[in-house]
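In: Coordinates for the following, if possible.
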Amino acid sequence: MAEAPQKDPITCHVLDTTTGRPAPGIKVTLYNPTVKYAFNAITNEDGRISNWSQTDSEVEPRGSVRETLEWIIQNHAENGGNENGPEMASCPVESSIWEIEFDTGSYYGLKNTFFPKVKLTFLVKEGQHYHVPLLLGPYSFTTYRGS
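Out: Below you'll find the model as predicted:
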């Protein structure tokens, strides 16, 4: 039996509060504004994303989310955060800013939701796992740092 791939250090989970069930099939983009590098995935039948796929970027490929995160943090520490723009200059050492965007309009249909996209920005610290749950309704959403 093949081993399941190790989870990326940033994962997410979407629950539809109108049904009380997971929300499968939602396109999600994970983006790092510092290096302008993005990853995509689609929530599975359980509404979860454990691993991300690379997309085109404005910089050389860094590999996985884990490798990109490690490169950003190492580069930030070596350069004092000043070479990577104002986002990183204001970050604590050994951390970086990430964004996650949920395409909620395609899930509910654009005419059936007030929030066609939900975009969250959060701080990631080295060596930690970040799970971002999204509790979603057609006219509301909430989130928190999960475990």
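In: buried stuff in the longest helix seen in the chain?
Out: Criterion DSSP state H: the longest helix present in the chain is helix 65-79. Neighbour-count burial for helix 65-79, counted by 16 or more other Cβ atoms under 10 Å, picks out Val65, Arg66, Thr68, Leu69, Glu70, Trp71, Ile72, Ile73, Asn75, His76. Every C-beta, even on glycine, is put in place using the N, C-alpha and C of the backbone.
In: Skip the chain neighbours and tell me the closest residue to Ile72.
Out: Leaving aside its sequence neighbours, Ile72 sits nearest to Ser96 (Cβ to Cβ, 6 or more residues apart in numbering; 4.6 Å).
In: Now do the same for the one you found: helix, strand or coil?
Out: In three-state terms, and counting by DSSP: H, G, I helix; E, B strand; the rest coil, Ser96 is strand.
In: would CSV of the buried residues of helix 65-79 with pLDDT and distance to Thr17 be doable?
Out: Below are the buried residues of helix 65-79 laid out as CSV (pLDDT from 0 to 100; distance: Cβ to Cβ, whole Å):
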residue, pLDDT, distance to Thr17
Val65, 86, 27
Arg66, 82, 31
Thr68, 81, 32
Leu69, 81, 30
Glu70, 80, 35
Trp71, 79, 37
Ile72, 78, 33
Ile73, 73, 35
Asn75, 73, 39
His76, 61, 37
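In: got CSV for those, with distance to Phe39 too?
Out: Formatted as CSV, the buried residues of helix 65-79 follow (distance: Cβ to Cβ, whole Å):
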residue, distance to Phe39
Val65, 6
Arg66, 11
Thr68, 8
Leu69, 11
Glu70, 14
Trp71, 14
Ile72, 13
Ile73, 17
Asn75, 18
His76, 19
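In: where along this protein do the strands fall?
Out: 10-16, 21-22, 27-32, 37-42, 48-49, 53-54, 95-102, 118-125, 130-137, 140-143 (DSSP state E).
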